[in-house]
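>>> Structure of the sequence below:
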Amino acid sequence: MTVTIALLVLVAMLVAGLPVALAMGVSGAVGLYLFGGWPILQGILKTTALSTANGYEIITIPMFILMAEFVIISGVANDLFRAATIWVGRVRGGVAMATVLAGAGFGAISGSSTAAAATLASTSIPAMLKEGYEPKLACGVVAISGTLAMLIPPSIALILYGIIADIPIGQLLMGGVLPGLLVTATIMLTIVFLVWRDPDAAPAGRSYGFAEKFASLKRVWPVVLLFTAVTGTIYSGIATPTEASGIGAFAAMLIAAWERQLTLTKAWRAMRSAAQTTCMILFIILGAHIFGYFFTLTRVTNDMTAWVEGLEMSRWMILVVILLGYLVLGFFMDQIAILILTVPVTLPLILQLQFDPVWFGVLIVVTAEVGMVTPPLGMNVFVVARYTRRPLGELFSGVIPHVWAHLIAIAILAAFPAITLWLPSTMR
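All right, here's what the predicted structure looks like:
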């Protein structure tokens, strides 16, 4: 009965539109009070805030967010898009493919999905519309390409999953590399299919000589530098993910300064934005911890694990049910909140079923990408709509083919865990 009341309070507050952090914190506190009274609730409230913010790995979150802010200031994303357009823009739909490559490159140096979508919306959509692309196709490509930042390291989503699940963050970040390339290829192949089905949706671009192609690579060096500073140092064992996040933020600041885009005003704005986003994430983690303590004390997770053990279903069918649950939650909730709320419940089940937790983490992050572009709360679609002033219906329609393609990619990653686990297994 106590669990039911706490869950009803949580659902009611979410439906009322209250922040997820507040909803989880208040419902967890109500449950703790009903379960053990004021002494237990008071003891948890006194210690949870410090334990939430005191973790060493937490430092990676503000550092990677700050790195993304400096990357935006430097204008590297514009150079990425121009270079990719020169290399693949000749084929029909090439500018859309260049947008995907730019999204993957931006994801490799930012980790912020909404920042990637906003940056691509302001750079690539005007270029595609000028070339004569169908608006639905152009906006759909940008919305789905922004989600690559959730998966390709440095990924804030994977870092949060690692913190919650107590799994080495370095292995998770490396585990996202090959799936990130697979999803990038999936988006590009979807563009090829859409253009083949409707050639009028995207024109062929102009061709460029080899001299122009190789000259464009000179503007890509910041991406290579940042990727080496972060992912390269983690993979080689030179730095921990926490140390690599600091290196990446500092390198991004130097790049912004090198590009003569760093001023005191912009630096202050970047640090303030990073601090605000970090506080928001920490507030969600705090609320989730309070709710998680309630689940632990009431043994909800243990009971669910025992219930699943009694089901006459294969472990793969149970995995499918879990992933479908993540898809449904993605329609209505923020992806960070979903991870923080569900991982403490689903991870013990996954371990009980003898699945690899690193593989599962990458799998649910790819599944969460779908939630970023599906109605009614597709965050990336709303970001693109704000920058383009296009109708939401048109944007959601343009992204639907990519949603189906993403589901195929999820099935491939689920069927072949080695795609995710090979690179982490080679780490020093």
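
>>> Around residue 75, how many other residues sit close by?
For residue 75, the tally of surrounding residues (other CB atoms under 10 Å) stands at 17. Yep, even glycine has a C-beta here, placed from its N, CA and C like the rest.

>>> Tell me who's in contact with it.
Residues in contact with residue 75 (CB atoms under 8 Å, 6 or more residues apart in numbering) are 259, 261.

>>> which phi and psi does it have?
The phi/psi pair for residue 75 (degrees, to the nearest 10) reads phi 80, psi 20.

>>> cool, and residue 239?
Main-chain dihedrals, residue 239, degrees, to the nearest 10: phi -140, psi 150.

>>> That one and residue 246, how far apart?
In this view, residue 239 and residue 246 are 9 Å apart by CB to CB, to the nearest Å.

>>> care to break the protein down by domain?
1-54, 58-288+301-425 (automatic domain parsing).

>>> will you turn the ones you listed into CSV that also has mean pLDDT and distance to residue 294?
Output for the domains of the chain, formatted as CSV (pLDDT from 0 to 100; distance: least, CB to CB, whole Å):
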stretch, mean pLDDT, distance to residue 294
domain 1-54, 77, 4
domain 58-288+301-425, 81, 11
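
>>> which of those domains is buried the deepest?
Highest mean neighbour count among these (mean count of other CB atoms under 10 Å): domain 58-288+301-425, with a mean of 20.

>>> Which among the domains of the chain is found nearest to residue 295?
Comparison of the domains of the chain against residue 295 by CB to CB identifies domain 58-288+301-425 as nearest, at 5.9 Å.

>>> residue closest to the middle of the chain?
residue 150 (2.1 Å; CA atoms, centre = their mean).

>>> contacting residues around that one?
Shown in contact with residue 150 (CB under 8 Å, 6+ apart): 107, 113, 156-157, 335, 365, 368-369, 372.

>>> make it 10 Å
Shown in contact with residue 150 (CB atoms under 10 Å, 6 or more residues apart in numbering): 107, 111-114, 116, 156-158, 176, 180, 183, 335-336, 365-366, 368-369, 371-372, 380.

>>> Quick one: residues contacting residue 323.
Residues near residue 323 by CB under 10 Å, 6+ apart: 346, 360, 363-364, 366-367, 407, 410-411, 414.

>>> any chance of those in CSV, with secondary structure too?
Shown next, in CSV, are those (DSSP: H, G, I helix; E, B strand; the rest coil):
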residue, secondary structure
346, helix
360, helix
363, helix
364, helix
366, helix
367, helix
407, helix
410, helix
411, helix
414, helix
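
>>> Now do the residue nearest to the centre of the chain against residue 406, distance only.
12 Å.

>>> what is in contact with those two at once?
Here residue 150 and residue 406 have 183, 366, 369 as joint contacts, going by CB under 10 Å, 6+ apart.

>>> re earlier: identify the contacts common to residue 239 and residue 246.
Counting by CB under 10 Å, 6+ apart, the residues touching both residue 239 and residue 246 are residue 229.
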